[in-house]
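Asker: have a look at this fold, sequence not included:
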């Protein structure tokens, strides 16, 4: 039985609607495709190869440089009017409760609704260049290339050929329908037309971006197909979030825990040494899920040191008609931002009435059942060569939540004195 | 009835003019002459709280040549039918050193009465908070239609006048209490006419006109005070009365390296509510000096009025703008400023502040490859993130203690 979903709001580029009408070759639109990008210039941010080491040279960029660059470029695109709406003008509030969910009223994001362009019952699908993908995006939406400097220091070039790395460039572009300020897309090797599937190299790239940002507000996310990714072209999302996550200490060795006291069952990966080890571990878990057709979402936080992996089944339930009409009417598709506590609502009533209970109800539908989760977890550990007993030691004290549980869990600087 | 004998007039005028020129330099008089509107400046520290400057517009409006107004107390505009309550209100505002607006019946030199909206505002010395001058703007109020009889008022009596004439001792001037007290010379002969005068109410337009005239005067005084190293404010420039920012917001803003301030348009005269360390280094002011003040203290004679107006327009429309202008440090030196001003919204989606990011274009900077514009916009982005950050209670401001 082929599963379909009728209406899914998509992440649209300014050019998405035109994709069918434009002539092929020689597009003349200065896009990110083979026709234009190889002969164009974009700024390049070269990230440090080993983020945990301190910068060696005096002229290495300062630690807040990456965020400054990203936000400055984003703000610049705002002044150019490239976004569909001003996301800072959307009302937002913290939903009272222990979990500190954030509800945002965003009537503009859902204005264009179109059926999703691919089947939602298969996590892995081949790339189809006829469908919308990021090579069709205009270069003004691209902010900079993101490449490995190969050294211990980061540096920035205001302008460099897009072929500066000897392979397809990784591009950071704006999301023209942002859910938050600074919402961008990280598109690894844009010209290689990779489909939406995680591999170790692309995941490591995402971790590097989190490490460069070095900010408790900045998070990256990934949605697989079937977990509400809307474009089958490999991309991660990144955005500033409203509540900073308390920064964890450096731990040695890999720590994998089960997320407790949270509506969506998931795994938490933490690692203190190298990004590479963490990338290996998490990507092998993702690969198992992909290969076995389990949709999932990934949240990268704490500058790349803490990763949440959420297998989910909402799309399947939707297609089978197992989701209540009430939830369907909110038109919330629980992708990574929603699962991590940032719920974008289209209707004012839903926004006014948003409660932790209603958010919990929605997210609980996303979660795998306990039995199914344990089953999947076992397979993942197998695939990632994790020892079960090692994990069991850790779960006792694994009381995690993506957002601070209460004021006591939050760093001192985040409190408001009444 | 000129207060000074002819020979001493010039000396006296110089003395009165010095009240202004010593603070704002010689050029301020010419500059004030260029401004439109009817207004005067008084000096409460001089005996009798005299008028030290009267605009051309005021001369035209009241029929008094400017020379006749200098050195007089501003009560000379009042007459028999001037409402006692209005006069007390003004006197009280002067005593309390605060701004005040009231519709009041005044008299021209020829004795004819006319209604004006009187807008009174003190000019404070920023550093020590004392009142240097009072500014009084007069905007004529047109008659409303149809004219109607106002409730009958008792004819002014000598007893009333005596009561109205206060003899209060004040810290900065001994005669301020007599500022706007009735004089009894006129009015008797025009009482019949006065009975027909209806009570006038100033329209929104009149109030705006008064406010805008006052702002222009403040801007002028500010620009020229640069030349003498003085900083003046429309209100006492201290942090009390400005809601303090939450500690988490302060912390987040403190991490931003660029030179910027945040202003709050919802407070009177859009004061600065936050200033970064880099801003203080750039301009030479201390935080205490400028928190609570409007940004105009950065402007000086060489600052383009058109550019300032452009900024104002964008602020009113809640739009961002980038401008180049000449600004002044505390020591009077100038710098070419690349200034970006943008509205900043809080979590409700409404504009909470404006951010002003400054960049000294003549100084050498290392932006590690970023263009100056992007570097500035990075500050705007960082401020947005900081202001939009939510905490458990969701509030960024707390009332001052």
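Answerer: Okay, I see it. Please read these numbers as outputs of a predicted model, since none were measured by experiment.

Asker: now stretch B:51-64: buried residues?
Answerer: If you call a residue buried by 16 or more other C-beta atoms under 10 Å in any protein chain shown, then stretch B:51-64 has these buried ones: B:51-55, B:57-59, B:61-62, B:64. C-beta: built from backbone N, CA, C; applies to glycine.

Asker: inside helices: which ones of those?
Answerer: In this view, the buried residues of stretch B:51-64 that belong to helices under DSSP state H are B:57-59, B:61-62.

Asker: which elements pack onto the lengthiest helix in chain B?
Answerer: In chain B, assigned by DSSP H, the helix with the most residues is helix B:204-225. Judged by 3 or more C-beta pairs under 8 Å, 6 or more residues apart in numbering or on different chains; DSSP states H and E, helix B:204-225 is in contact with helix B:9-24, helix B:28-34, strand B:38-42, strand B:113-125, strand B:131-140, strand B:232-233.

Asker: which parts of the stretch 151-300 of chain A sit against chain B?
Answerer: A:155-158, A:181-182, A:217, A:240, A:242-244 (C-beta under 8 Å from any C-beta of the partner chain).

Asker: sort those by pLDDT and name the bottom one.
Answerer: Among those, residue A:244 has the lowest pLDDT, at 56.

Asker: quick check: closest non-adjacent residue to residue A:364.
Answerer: Nearest residue to residue A:364 in three dimensions, chain neighbours excluded: residue A:263, at 4.4 Å (C-beta to C-beta, 6 or more residues apart in numbering or on different chains).

Asker: from residue A:365, how far off is that neighbour?
Answerer: 9 Å (C-beta to C-beta, to the nearest Å).

Asker: what do you get for residue A:316?
Answerer: Where residue A:365 is concerned, residue A:316 sits at a distance of 11 Å (C-beta to C-beta).

Asker: what about the residue nearest to residue A:364, distance to chain B?
Answerer: The gap separating residue A:263 from chain B is 20 Å, by C-beta to the nearest C-beta, to the nearest Å.

Asker: what is the neighbour count of that residue?
Answerer: The tally of other residues near residue A:263 (other C-beta atoms under 10 Å in any protein chain shown) stands at 19.

Asker: and it, what element?
Answerer: Per DSSP states H and E: residue A:263 is located in neither a helix nor a strand.

Asker: show me the contacts for it.
Answerer: Contacts for residue A:263 (C-beta atoms under 8 Å, 6 or more residues apart in numbering or on different chains) come out as A:359-361, A:363-364, A:366-367.

Asker: quick one: which of those is nearest to chain B?
Answerer: residue A:359 (15.1 Å; C-beta to the nearest C-beta).

Asker: tell me where the stretch 201-350 of chain B has helices.
Answerer: B:204-225, B:247-254, B:277-283, B:287-290, B:305-316 (DSSP state H, counting those that start in this stretch).

Asker: residues contacting the residue lying closest to residue B:104 once chain neighbours are set aside?
Answerer: Leaving out its chain neighbours, the residue that sits closest to residue B:104 by C-beta to C-beta, 6+ apart is residue B:86, at 4.6 Å. Residue B:86 is in contact with B:102-105, counting by C-beta under 8 Å, 6+ apart.

Asker: how about the host helix or strand of residue B:86: buried residues?
Answerer: Secondary structure from DSSP H and E places residue B:86 in helix B:84-96. Applying a neighbour-count criterion of 16+ other C-beta under 10 Å, one finds B:84, B:86-87, B:89-91, B:93-95 buried in helix B:84-96.

Asker: now stretch A:276-293
Answerer: A:278-290.

Asker: which ones are touching residue A:125?
Answerer: Taking C-beta under 8 Å, 6+ apart as the test, what residue A:125 contacts is A:118-119, A:195-196, A:225, A:232.

Asker: can you tell me which residues in the stretch 151-300 of chain B are near chain A?
Answerer: For the stretch 151-300 of chain B, the residues in contact with chain A (C-beta under 8 Å from any C-beta) are B:246-248, B:251-252, B:255, B:257.

Asker: from the residues you listed, which single one is nearest residue B:297?
Answerer: Taking C-beta to C-beta as the measure, residue B:297 sits nearest to residue B:257 out of these, at 23.1 Å.

Asker: the residue in chain B positioned nearest to chain A: neighbouring residues, count only.
Answerer: In chain B, the residue that lies nearest chain A is residue B:381 (2.6 Å; C-beta to the nearest C-beta). Neighbour count of residue B:381, defined by other C-beta under 10 Å: 27.

Asker: how far away is it from residue B:372?
Answerer: Distance of residue B:381 to residue B:372, computed by C-beta to C-beta: 15 Å.

Asker: again, but for residue B:100
Answerer: Look at residue B:100 and residue B:372: by C-beta to C-beta, they are 45 Å apart.

Asker: between the two, which one's more packed in?
Answerer: residue B:100 (18 against 13).

Asker: low-confidence ranges in the stretch 51-200 of chain A?
Answerer: Where the stretch 51-200 of chain A drops to pLDDT under 70, the residues are A:52-62, A:108-117, A:163-166.

Asker: related to what we said a few turns ago, the buried residues of stretch B:51-64: which ones sit near chain A?
Answerer: Among these, not one lies near chain A by C-beta under 8 Å from any C-beta.

Asker: take the residues you listed and write them to JSON lines, including pLDDT.
Answerer: Formatted as JSON lines, the buried residues of stretch B:51-64 follow (pLDDT from 0 to 100):
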{"residue": "B:51", "pLDDT": "93"}
{"residue": "B:52", "pLDDT": "93"}
{"residue": "B:53", "pLDDT": "93"}
{"residue": "B:54", "pLDDT": "94"}
{"residue": "B:55", "pLDDT": "94"}
{"residue": "B:57", "pLDDT": "93"}
{"residue": "B:58", "pLDDT": "93"}
{"residue": "B:59", "pLDDT": "91"}
{"residue": "B:61", "pLDDT": "93"}
{"residue": "B:62", "pLDDT": "93"}
{"residue": "B:64", "pLDDT": "93"}
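
Asker: mind picking the two most distant members of those?
Answerer: Largest pairwise distance in the buried residues of stretch B:51-64, by C-beta to C-beta, is 18.3 Å, between B:52 and B:61.

Asker: the closest residue to chain B within the stretch 251-400 of chain A: neighbouring residues, count only.
Answerer: Residue nearest to chain B within the stretch 251-400 of chain A (C-beta to the nearest C-beta): residue A:342, separated by 10.5 Å. By the measure other C-beta under 10 Å, the count of residues near residue A:342 is 23.

Asker: mind checking how far it is from residue A:359?
Answerer: The gap separating residue A:342 from residue A:359 is 10 Å, by C-beta to C-beta.

Asker: then residue A:160?
Answerer: 44 Å.

Asker: show me what the helix or strand containing residue A:289 is packed up against.
Answerer: Remark: residue A:289 resides in helix A:275-291, with elements defined by DSSP H and E. Judged by 3+ C-beta pairs under 8 Å, 6+ apart, helix A:275-291 is in contact with helix A:200-213, strand A:254-258, strand A:267-271, strand A:296-301, strand A:306-311, helix A:370-383.

Asker: reformat these as a markdown table; add mean neighbour count.
Answerer: Shown next, in a markdown table, are the helices and strands packed on helix A:275-291 (neighbours: other C-beta atoms under 10 Å in any protein chain shown):
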| stretch | mean neighbour count |
| --- | --- |
| helix A:200-213 | 22 |
| strand A:254-258 | 20 |
| strand A:267-271 | 22 |
| strand A:296-301 | 26 |
| strand A:306-311 | 25 |
| helix A:370-383 | 15 |
